[in-house]
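>>> Just a sequence and a predicted model for now, questions to come.
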Amino acid sequence: MRTPVIILLFVILLAVSCGEPPMPPSDEEMIRHFTTHEVAFRKVYEIMAESSEGSFHYPPLSPEEVIILDSMEQSDTSHETNDEQDIPVYGLLKPERILLDSLLSEIGCGFILVDRREWGTADSVYVSLVMPYYSHGIVDAGTSKSFVYDPGLRSRRNIRITEHGDLNEIYRRTYNDTTLYKPIKGNWYIELDHSI
C-alpha cells in the first residue's frame, strides 16, 4: 500500500514542478555576463549614440525594410560606389548594421529598443537602450530580464531600483505586476519586468 502512495506523491510533485515557469537568470549571472561582454555592450551604445536617428526597434520589426534596402546594392549600379548605394536604416549604414548584428549575437540579446531624443540643449542627445536577455510568457503576461542603459533612470518617478537581494526573489515573493531595476555599472542596469 505504501508504494502506490509514494508513486502518487511523486506524480503530484512532478506535475507541480513541470508547471512552474523556468527561473530567469540570477542577477549575479547577468552581472557576470555583462562584465564578460562589457566591451560589446559599450560598442552597441556608441553606435546608437553616434550614428542612429530617432526611436526605434533594431533589427526593424519589418525585415523587408532592410532586405529591400540592402538588395538595392545588387541592382545594376556598377558606376556607384558601395557608400552611395547604402541607404541608412534609422541612420545606420550597412557596415554598422552588420557590426550590430554581430554584437547582439555576442551578448545574447535578440534585439534592442532605442529611445533617442534631444536632451537639455540642442547639442545634447538622450539615448536609452533596452536589450531583452531572457523572456518567458506572452506579451500580456510573463517575465523578462533585460540589460538597460539609461542615463536618466534614477531621476524618473515611480522607478524601483534596488541594490540588495536578487530581483527574481523579490518578485517571486509577491507575484504582482512588478518592474524592478538593479545597477550594474554607471548607467547600466538589469531590468526585471513581471506581469500577470
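Looks like it came in fine. Keep in mind that this is a model prediction, so the values were computed, not measured.

>>> Can you show me the strands along the protein?
Counting by DSSP state E, one finds strands in the chain at the ranges 56-58, 112-119, 121-137, 142-149, 160-161, 178-185, 188-195.

>>> could I get the ones you listed as CSV with mean pLDDT, distance to residue 101 and mean neighbour count?
Any C-beta I mention is one placed from the backbone N, CA and C, and that applies to glycine too. Formatted as CSV, the entries for the strands of the chain read as follows, by pLDDT from 0 to 100; distance: least, C-beta to C-beta, whole Å; neighbours: other C-beta atoms under 10 Å:
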stretch, mean pLDDT, distance to residue 101, mean neighbour count
strand 56-58, 92, 9, 18
strand 112-119, 86, 11, 16
strand 121-137, 84, 13, 15
strand 142-149, 92, 17, 20
strand 160-161, 90, 31, 12
strand 178-185, 92, 23, 18
strand 188-195, 91, 21, 21
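
>>> If I look at residue 93, what pLDDT would I see?
On pLDDT, residue 93 comes in at 91.

>>> And the strands of the chain: which comes nearest residue 99?
strand 56-58 (11.8 Å; C-beta to C-beta).

>>> can you list contacts of the closest one?
Under the criterion C-beta atoms under 8 Å, 6 or more residues apart in numbering, residues 52, 90, 92, 100, 111, 112, 113, 114 lie in contact with strand 56-58.

>>> quick one: which of those is nearest residue 176?
Residue 176 has its nearest neighbour among those in residue 113, at 23.7 Å by C-beta to C-beta.

>>> Now that closest one. Nearest residue, chain neighbours left out?
Closest residue to residue 113 in three dimensions, ignoring its sequence neighbours and counting by C-beta to C-beta, 6 or more residues apart in numbering: residue 130, at 4.3 Å.
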